[in-house]
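K.L.:
below are the sequence and a predicted model; questions follow.
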Amino acid sequence: MSFKPLEHQAAGHEGPLQSSDGSLFSKLTNKQEIEFYTNLQSLKLKDLSIDNVDNDANAGNNNNNEENDSNSSEIQLGSKLYHWVPNFIGILTPGMSAHLKSQIQIDNNITRESIDGKMVIQPATETQSLPPPSPSESTPQDKLYIVLSNSLHGYIKPSILDIKLGSILFDETANPEKKERMRKVSKETTSGSLNFRICGMKIINSQKLGDSNSIEGIEFSKVLAYQPVDESDEMWIIFNKFFGRSLNDQTVIQGLKLFFTFNKLTNKIRKIIINNFYTRLQILFNCLLDYEVRIIAGSLLFIYENDLTKWEDLNYEDSIFNANDYTFDEDEDDEDEEEEELHEINSNLSTLKFIDFAHSKFTPGESYDENIIKGVENLIELFKQLNELYKEDD
């Protein structure tokens, strides 16, 4: 398995990787994030098992189709938390035999020692038997890379927005210095007032931002960078974390508007994109009410396609949910089918994903996570306003 540096990133730590075909995403992680994904995976497999049993029962009883339909336990897309996160593939395990190591090809431009010897994927179904962390877990040799489906796979010219949820930005394991630093960030930004904050954005255009795009309190030269696109007159416009930190309750909607409108898309397409995200956020809100979890510093990843040809090829049909995003063939005996399914993931024109669970856990009996619910609720209100800005036609 060959990995290389991630092609597109809006925020977060440096060092994420993608597989050579772009279908897989990998990053350094901790045991807590692996446990969170493993628990979600267990819930998913349990639901699939129940669904299969019900389907078998219905298949054996064809005398009353109407009754079968009414009793169907089919799970609605978006109703489960695992519908919103990238597919958990497994982990890249450390310590390979010389024989295995000789079979792994690592791209020449990846030279970090921390990656060496971590290119064998341990399937998600096997991670429940992970050994406890070793005393030297902080050393590069013992860190694990989590492997997920790449939410950007299939996009040609993606715009990316990373929004961190919650006003509480640290968990009980943080040291006093980090706690104080994160309290300050929350207090001085929309994290504290709105329970969400823009952490980074990446958009594409052939023009630089001008006076007509100005936002009060924002000096663009200090919060963004321009990166040329090969063999094109277009450029990537990359907004750093200080862009979101400089926005307030009144100007944050201008930041969102900039993300969705500073592009070459038509108003018709913008309307589709914004309306779909508005709908997705409402469905996600209802989903989160059913989960007793505590998610600290988790993010929502917004992605949309800028390639007009792709929009035309797909007849401007951007589904709220793409079933390929939520299906993964776990039959290890049929690697060809598994690889084919990965290539089909994310043929969407826009996507919303929940990511970053290094400080997250299930908390049975403690109700839903109000810290993130408030953030999603405030985003819904802002997207409602954005949704009213555009008519369907230019």
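P.N.:
Done, it's in. Residues are numbered from 1 along each chain as shown.
K.L.:
and the helices in this structure, which stretches?
P.N.:
Taking DSSP state H as the test, the helices found in the chain are 31-59, 65-70, 98-103, 176-188, 190-194, 220-223, 241-246, 252-261, 267-288, 308-313, 335-344, 370-387.
K.L.:
and the shortest one, average pLDDT?
P.N.:
The average pLDDT within helix 220-223 is 94.
K.L.:
elements contacting that helix?
P.N.:
Under the contact definition 3 or more CB pairs under 8 Å, 6 or more residues apart in numbering; DSSP states H and E, helix 220-223 sits against helix 241-246. Glycine gets a C-beta too; all of them are placed from N, C-alpha and C.
K.L.:
what residues are up against the nearest residue to Ser319 once chain neighbours are set aside?
P.N.:
Of all residues not flanking Ser319 in the chain, Asn348 sits nearest, at 6.7 Å (CB to CB, 6 or more residues apart in numbering). Going by CB atoms under 8 Å, 6 or more residues apart in numbering, Asn348 touches 154, 305, 318-319, 322, 325.
K.L.:
are any of these buried, and which?
P.N.:
Using 16 or more other CB atoms under 10 Å as the burial test, the contacts of Asn348 include 154, 305, 318, 322, 325 as buried.
K.L.:
coming back round to it: taking the contacts of Asn348 together, which two end up most distant?
P.N.:
Across the contacts of Asn348, the longest distance by CB to CB is 14.5 Å; it joins Glu305 and Asp325.
K.L.:
give me the pLDDT for the one residue sitting closest to the centre of the chain.
P.N.:
Central residue of the chain (CA atoms, centre = their mean): Lys353, 3.7 Å from the mean position. The confidence metric pLDDT takes the value 97 at Lys353.
K.L.:
shaky segments in this structure?
P.N.:
Scanning the chain for pLDDT under 70 picks out 1, 3-15, 51-73, 93-143, 323-346, 391-394.
K.L.:
just checking: what are the partner strands of the longest strand belonging to it?
P.N.:
In the chain, with assignment by DSSP state E, the single longest strand is strand 196-205. Strand 196-205 pairs in its sheet with strand 158-165 (antiparallel), strand 235-239 (antiparallel), by DSSP bridges.
K.L.:
what about Ala297, neighbour count?
P.N.:
When neighbours are defined as other CB atoms under 10 Å, Ala297 has 20 of them.
K.L.:
please apply the same query to Asn39.
P.N.:
Neighbours of Asn39 (other CB under 10 Å): 18.
K.L.:
not counting sequence-adjacent ones, nearest residue to it?
P.N.:
Sequence neighbours aside, Phe362 is the residue nearest to Asn39 in space, at 5.6 Å (criterion: CB to CB, 6+ apart).
K.L.:
who touches that neighbour in this structure?
P.N.:
Counting by CB under 8 Å, 6+ apart, Phe362 touches 36, 39, 291-293.
K.L.:
could you measure from it over to Phe36?
P.N.:
Distance, Phe362 to Phe36, using CB to CB, to the nearest Å: 7 Å.
K.L.:
mutual contacts of those two, please.
P.N.:
Here Phe362 and Phe36 share no contacting residue, scored by CB under 8 Å, 6+ apart.
K.L.:
about what we covered before: okay, the strands paired with strand 196-205, which one's buried deepest?
P.N.:
Among these, ranked by average contacts under mean count of other CB atoms under 10 Å, first place goes to strand 158-165 (a mean of 25).
K.L.:
can you give the contact residues for that strand?
P.N.:
Identification of contacts with strand 158-165 by CB under 8 Å, 6+ apart yields 8-12, 152, 191, 195-204, 256, 259, 263, 295, 297-306, 356, 371-372, 375-376, 379.
K.L.:
just the buried ones from those residues, in PyMOL syntax?
P.N.:
Selection of buried members from these for PyMOL, criterion 16+ other CB under 10 Å:
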select buried, resi 8+9+10+11+12+152+191+195+196+197+198+199+200+201+202+203+204+256+259+263+295+297+298+299+300+301+302+303+304+305+306+356+371+372+375+376+379
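K.L.:
if I read this right, Ile320 contacts Arg280, doesn't it?
P.N.:
Yes: between Ile320 and Arg280 there is a contact under CB atoms under 8 Å: 6.1 Å.
K.L.:
residues shared between the contacts of those two?
P.N.:
Common neighbours of Ile320 and Arg280, counting by CB under 8 Å, 6+ apart, are Gly78.
K.L.:
of these two, who's got more company?
P.N.:
Taking neighbours as other CB under 10 Å, Ile320 and Arg280 compare with Arg280 leading, 22 against 15.
K.L.:
what's near enough to touch the residue nearest to the more buried one when sequence neighbours are not counted?
P.N.:
Spatial nearest neighbour of Arg280, excluding adjacent residues (CB to CB, 6+ apart): Leu352 at 4.5 Å. By CB under 8 Å, 6+ apart, Leu352 lies in contact with 84, 277, 280-281, 284, 300-303.
K.L.:
cutoff 7 Å now
P.N.:
277, 280, 300, 302 (CB atoms under 7 Å, 6 or more residues apart in numbering).
K.L.:
who's it bridged to?
P.N.:
On the basis of DSSP bridges, Leu352 is bridged to Phe302.
K.L.:
save the buried ones among the contacts of Asn348 as a markdown table, and put in distance to Phe88 too.
P.N.:
A markdown table is the format used below for the buried ones among the contacts of Asn348 (distance: CB to CB, whole Å):
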| residue | distance to Phe88 |
| --- | --- |
| Gly154 | 19 |
| Glu305 | 25 |
| Asp318 | 25 |
| Asn322 | 18 |
| Asp325 | 13 |
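K.L.:
can you flag which of these belong to strands?
P.N.:
When DSSP E is applied, the buried ones among the contacts of Asn348 are split such that Glu305 fall in strands.
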